[in-house]
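K.L.:
Only the shape, not the letters, is given here:
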């Protein structure tokens, strides 16, 4: 009893989709890209989903990727930080994303927001508020990514079962 190539690809697709959900919760793991790889692997192996659903799943995957990279900067802005601070927080987050662990990345972005806003406004409370909202936003971004990659997994599972 041997596994066919198509069956192996379907198994690989679901492994990638599950890895995408897990990866969306673990910094430095590209959850959105793993999910998209799973979608395309499943589509290649089965010819499903159709063009409309495939386009929607790709759009959700791209949105998840944007949320991953823009979460820190957008939450910094929502916390009252200036556009320049939000941009700098995004750059720091991106650099730390590739060179450190998740805790250092979050702390680095929060420290950047606090220090720049404290310098800019000469108000520790406003700097701390911006840093706290930024940190909360980054954590919320992880939850949003998990929900989005989870929806991709459920959609492909629905296609496979129906």
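P.N.:
On my side now, so go ahead. Remember, it's a predicted structure, so these values are computed and weren't measured experimentally.
K.L.:
and the residue nearest the centre of the chain, what does it touch?
P.N.:
The residue lying closest to the centre of the chain (C-alpha atoms, centre = their mean) is residue 68, at 3.1 Å. Taking C-beta atoms under 8 Å, 6 or more residues apart in numbering, we find residue 68 in contact with 24, 30-32, 141, 145. Heads up, the C-betas are built off the backbone N, CA and C, glycines and all.
K.L.:
Quick check: residue 92 vs residue 118, distance?
P.N.:
Look at residue 92 and residue 118: by C-beta to C-beta, to the nearest Å, they are 15 Å apart.
K.L.:
repeat for residue 101
P.N.:
From residue 101 to residue 118 the distance is 25 Å (C-beta to C-beta).
K.L.:
other SSEs contacting the lowest-mean-pLDDT helix or strand in the chain?
P.N.:
Counting by mean pLDDT, DSSP states H and E, the chain has its least confident helix or strand at helix 83-99, which shows a mean of 82. Contact here means 3 or more C-beta pairs under 8 Å, 6 or more residues apart in numbering; DSSP states H and E; on that basis helix 83-99 packs against helix 51-78, helix 102-121, helix 124-161.
K.L.:
Out of the ones you listed, the one nearest residue 84 is which?
P.N.:
helix 102-121 (7.5 Å; C-beta to C-beta).
K.L.:
so the closest one versus helix 124-161, what angle?
P.N.:
Compare the direction of helix 102-121 with that of helix 124-161 by axes from the mean of the first three to the mean of the last three C-alpha atoms, to 10 degrees and you get 140 degrees.
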